[in-house]
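1. when you get a sec, could you give me coordinates for this:
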Amino acid sequence: MARATCTSLALLIFFLSLDVRVDAATAILAQGQSLAGDATLTSSNGAFSLSFFTPHGGDGSRLYLGVQYAKAVEQTVPWVANRDAPVSAAASSHSATLTESGDLQVLEGESVVWRTNTYSSAGNATLTLQDNGNLVLTGGAQAVQLWQSFDYPTDTFVPGMRITLDRLNGAVARQTLFTSWRNPDDPAPGNFTLGQDPLGSAQLYIWRSGQDGSRNTTYWRSGQWANNNFVGIPWRSLNLYGFQLAGDPSKSSGAMTYTFNTFNSSLYRFVLQPNGTETCYMLLDATGAWEVVWSQPIIPCHGYNACGQNAECSSGDHGQAVCTCLKGFEPTTSGGEGCVRSSQLTCSERNVSMSGGDRFAELGGVKLPDFATWESTVSNAESCRQWCLANCTCVAYSYSSGTGCLTWNQELVDIYHFPTTGEGYDLYIKVPASVLDSDSDSKRRRWTRVIVSVVIAVAFVLAACGFLLWKCRRRIREKLGVGAGVEKKTGASLMLRPGREAKKEFSGPKQQAEHEEDAEKSELPLFSLETLAAATGGFSESTKLGQGGFGLVYKGRLPGGEEVAVKRLSKSSGQGCEEFKNEVILFSKLQHRNLVRILGCCIQGTEKMLVYEYMPNKSLDAFLFGTLHSITLWLWHEQKVAVKSLNF
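-> Predicted structure coming up:
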């Protein structure tokens, strides 16, 4: 009886040891243990967890074993084990079990749907979820690493991972590849794959899979690595995020590896989206939400070779691709995309420059073309230029401290012109010298046309301004009653007749030269003393109209029959010759419809007289102002008003 009891107890212990389930959160799954149901394996820092899950919005009957971000608000799964072989949620049992032999298996009942295919002869196998999200399987007394999830990524690149290309004599020996989800609700392998360029250029490529599953179309490339970022992603210095390249692209054998190391407490991840877009996210600690750091491709020009060979792509106003042939090239006549040379290079097969020679056309601020060759022995920009110029197979070159000397010996493809100044790199394209010469001539002609057009436009503007100024001054003069074409209501001309005409019309001896000069300045006719004396009857009392503080006023009749009023200044008025001249000049400039018109003056010896038009019937002041007994002249000079009263 006792022997039977012991045997039963031993069998129970044996069977229990085959299926030890983890029900509480832990960071380690030991040999013989299983993870099932809602059980979770959690990293020691609490950032990551391993469990079965159903994608948000996906088929609830399908379960996947995956690593998730424990602190993210939305479900975020950087790694999935059985992405193309989900287990049924309705199955009697499903689990992730670490077997006695050291093999991690995903089971649906007794069926194995996914496994690591590892083996530990020494036993003591352990599965650990590390603080960076890496699932590591070790075995033996020395805890030798048997397997890690970072070597088998899905769609996400996180710190601690590597993107490796291992080549042997130019052939790919081993390569790290990331594959997108089929759609946001299905983690099965999708249509896009990311990895290093198999040719060893150290560029990252995204390929679109064909219908047969082969990656047969290049969808996007990062551009060459330039020490701290990629040529095609110039606005983000990726080395600040712990992104570095180890290896030599110039060698045909050996490994080139991009590493992504944690550089601060923030959590970053690069995700290949189901639509082929590569996006960098940062987890915000305060909210648990993901913030987009950068993303490509998001416009047509980001796509691979959007404009064909020998053409550059730039974005239009609405983001559409605008294709332009490179200098020295023209659109292909076959009707396809791309451009061909308008003139062949003059470099011969013997590397001898022929007549005219070849030169370089500069294209700045671009994503450098694909299929570049790194000239590791060239150390500066001038040496790079001379190297390309001396080799007929070289069609373009670029040099920078980040990339070194890059040359191209085939058609130039996938050139994107960045919209912002200071972004991108300079590309120098070899063209015949005649292309640049004709371009210089064209520029000179264009500048000549521009200069001539500007001169004509300026001349036209100046002429228009002069015309408007003349019109404005004429209208002002007309408003003030000055100038040709303005007549009295009676039809008589208001314009003062020039002094020389007055001398012809009125008899009398000529005045002194100095008085003639003063009269010319005043633009008034100059009358002789004899003429005015004869007109007023020798200044007789019968022709006297009145007198004021400055002298007497006489009525007279000129030889032509025109009646005038002659103001004869008194010798005791105190007004000197200079003051009189200034007054004459001032009055000659001043014309207004409300002012009596001055016709001329006389300066001879001590005599100083002013000749006005005669206002019949009434005195001058009564005719102009009714009960007023003076004429007030408003003079504007430098924005001040001077008032002068003339009393008769």
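2. ok, the most centrally placed residue in the chain - contacts?
-> Taking C-alpha atoms, centre = their mean, the centroid of the chain lies closest to Thr420, which sits 4.9 Å from it. Shown in contact with Thr420 (C-beta atoms under 8 Å, 6 or more residues apart in numbering): Trp235, Gly365. Bear in mind the C-beta positions are built from the backbone N, C-alpha and C, glycine included.
3. kindly report the same for the one 3 residues further on.
-> Going by C-beta under 8 Å, 6+ apart, Glu423 touches Pro234, Trp235, Gly365.
4. ok, so of those residues, who is nearest Trp114?
-> Trp235 (40.0 Å; C-beta to C-beta).
5. surely the closest one and Trp294 touch.
-> Yes. Between Trp235 and Trp294 a contact is recorded at 7.2 Å, counting by C-beta atoms under 8 Å.
6. those two: which has the busier surroundings?
-> For the pair Trp235 and Trp294, the greater number of neighbours falls to Trp294 (14 against 10), based on other C-beta atoms under 10 Å.
7. the more buried one: helix or strand, and which one exactly?
-> Taking DSSP states H and E as the definition, Trp294 sits inside strand 290-296.
8. what do you get for Val455?
-> helix 433-480.
9. kindly report the same for Ser34.
-> Short version, using DSSP H and E: Ser34 is in strand 33-36.
10. in contact with the residue nearest to Gly57 when sequence neighbours are not counted, which residues?
-> What sits nearest to Gly57 in space, not counting adjacent residues and going by C-beta to C-beta, 6 or more residues apart in numbering, is Asp185, at 4.6 Å. Going by C-beta under 8 Å, 6+ apart, Asp185 touches Pro55, His56, Gly57, Gly58, Asp59.
11. isn't the third one up against Asp186?
-> Spelled out, that is Gly57. No. The pair Gly57 / Asp186 is not scored as a contact, 9.6 Å apart, by C-beta under 8 Å.
12. the two: which is more packed in?
-> Using other C-beta under 10 Å as the criterion, Gly57 and Asp186 rank with Asp186 on top: 19 against 11.
13. for the more buried one, name its beta-bridge partners.
-> Asn183 (DSSP bridges).
14. per-residue pLDDT, it?
-> The model reports Asp186 with a pLDDT of 95.
15. how near is it to Gly247?
-> Asp186 is 35 Å from Gly247, where distance means C-beta to C-beta, to the nearest Å.
16. check Asn264 too.
-> In this view, Asn264 and Gly247 are 26 Å apart by C-beta to C-beta.
17. could you check which of the two is surrounded by more residues?
-> Gly247 (18 against 9).
18. so the nearest residue to the more buried one once chain neighbours are set aside, which state does it fall into?
-> In space, and not counting its chain neighbours, Gly247 is closest to Met256: 3.2 Å by C-beta to C-beta, 6+ apart. Following DSSP: H, G, I helix; E, B strand; the rest coil, we place Met256 in the strand state.
19. residues contacting Met256?
-> For Met256, the contact set (C-beta under 8 Å, 6+ apart) comprises Thr164, Leu165, Arg167, Gln196, Gly200, Ala202, Leu245, Ala246, Gly247, Asp248, Pro249.
20. out of these, who's the most crowded?
-> Counting neighbours by other C-beta under 10 Å, Gln196 leads these with 27 neighbours.
21. which residues touch that one?
-> By C-beta under 8 Å, 6+ apart, the neighbours of Gln196 are Ile163, Thr164, Leu165, Gln175, Thr176, Ala202, Gln203, Leu204, Tyr205, Met256, Tyr258.
22. out of those residues, list just those in strands.
-> Ile163, Thr164, Leu165, Gln175, Leu204, Tyr205, Met256, Tyr258 (DSSP state E).
23. of all the residues you listed, which two lie farthest apart?
-> Spatial extent of the ones in strands among the contacts of Gln196 (C-beta to C-beta) is set by the pair Thr164 and Tyr205 at 14.3 Å.
24. just to check, Leu29 is in contact with Leu127?
-> Yes. With contact defined as C-beta under 8 Å, Leu29 reaches Leu127; the gap is 4.0 Å.
25. mutual contacts of those two, please.
-> Shared contacts of Leu29 and Leu127 (C-beta under 8 Å, 6+ apart): Leu41, Leu98.
26. which residue is the nearest non-sequential neighbour of Phe48?
-> Phe48 sits nearest to Gly133 (C-beta to C-beta, 6+ apart), 4.3 Å away.
27. residues near that neighbour, how many?
-> So Gly133, with other C-beta under 10 Å, has 26 neighbours.
28. same deal with Thr421?
-> Residues near Thr421, counting by other C-beta under 10 Å: 8.
29. looks to me like it is in a strand.
-> No. Counting by three-state DSSP, Thr421 is not part of a strand but coil.
30. for it, what are its contacts?
-> Gly365.
31. now it: how far from Ala171?
-> Per C-beta to C-beta, Thr421 is found 42 Å from Ala171.
32. and if you look at Tyr64?
-> Tyr64 is 35 Å from Ala171, by C-beta to C-beta.
33. check Glu411 too.
-> Distance, Glu411 to Ala171, by C-beta to C-beta: 25 Å.
34. could you dump the ones in strands among the contacts of Gln196 to a markdown table with distance to Ile603?
-> Output for those, formatted as a markdown table (distance: C-beta to C-beta, whole Å):
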| residue | distance to Ile603 |
| --- | --- |
| Ile163 | 106 |
| Thr164 | 111 |
| Leu165 | 109 |
| Gln175 | 112 |
| Leu204 | 100 |
| Tyr205 | 102 |
| Met256 | 106 |
| Tyr258 | 103 |
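35. before we move on, the earlier item: secondary structure, distance to Asn229 and pLDDT added to the contacts of Met256, as a markdown table?
-> A markdown table is the format used below for the contacts of Met256 (DSSP: H, G, I helix; E, B strand; the rest coil; distance: C-beta to C-beta, whole Å; pLDDT from 0 to 100):
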| residue | secondary structure | distance to Asn229 | pLDDT |
| --- | --- | --- | --- |
| Thr164 | strand | 20 | 96 |
| Leu165 | strand | 19 | 95 |
| Arg167 | strand | 24 | 92 |
| Gln196 | strand | 16 | 96 |
| Gly200 | coil | 20 | 92 |
| Ala202 | coil | 13 | 92 |
| Leu245 | strand | 11 | 91 |
| Ala246 | strand | 16 | 90 |
| Gly247 | coil | 17 | 88 |
| Asp248 | coil | 19 | 84 |
| Pro249 | coil | 16 | 82 |
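36. of all those, which comes closest to Leu98?
-> Thr164 (26.8 Å).
37. isn't the closest one right next to Gln175, touching?
-> Yes. Between Thr164 and Gln175 there is a contact under C-beta under 8 Å: 6.9 Å.
38. the residue nearest to Gly247 and Asp166: what is the separation?
-> 8 Å.
39. got it, and Pro300?
-> Counting by C-beta to C-beta, the gap from Pro300 to Asp166 is 34 Å.
40. local confidence estimate at Lys640?
-> Reported pLDDT for Lys640: 34.
41. actually Arg497, not the one I typed
-> On the pLDDT scale, Arg497 gets 39.
42. also Asn647?
-> 36.
43. over to Leu624?
-> The per-residue pLDDT reported for Leu624 equals 48.
44. before we move on, what about Trp181?
-> pLDDT for Trp181: 97.
45. could you pull out the helices in this structure for me?
-> 2-18, 381-390, 433-480, 499-505, 513-522, 529-535, 577-589, 620-625 (DSSP state H).
46. so what's the residue lying closest to Phe539 once chain neighbours are set aside bridging to?
-> Closest residue to Phe539 apart from its sequence neighbours, by C-beta to C-beta, 6+ apart: Tyr554 at 5.7 Å. According to DSSP bridges, the residues that bridge with Tyr554 are Lys544, Val566.
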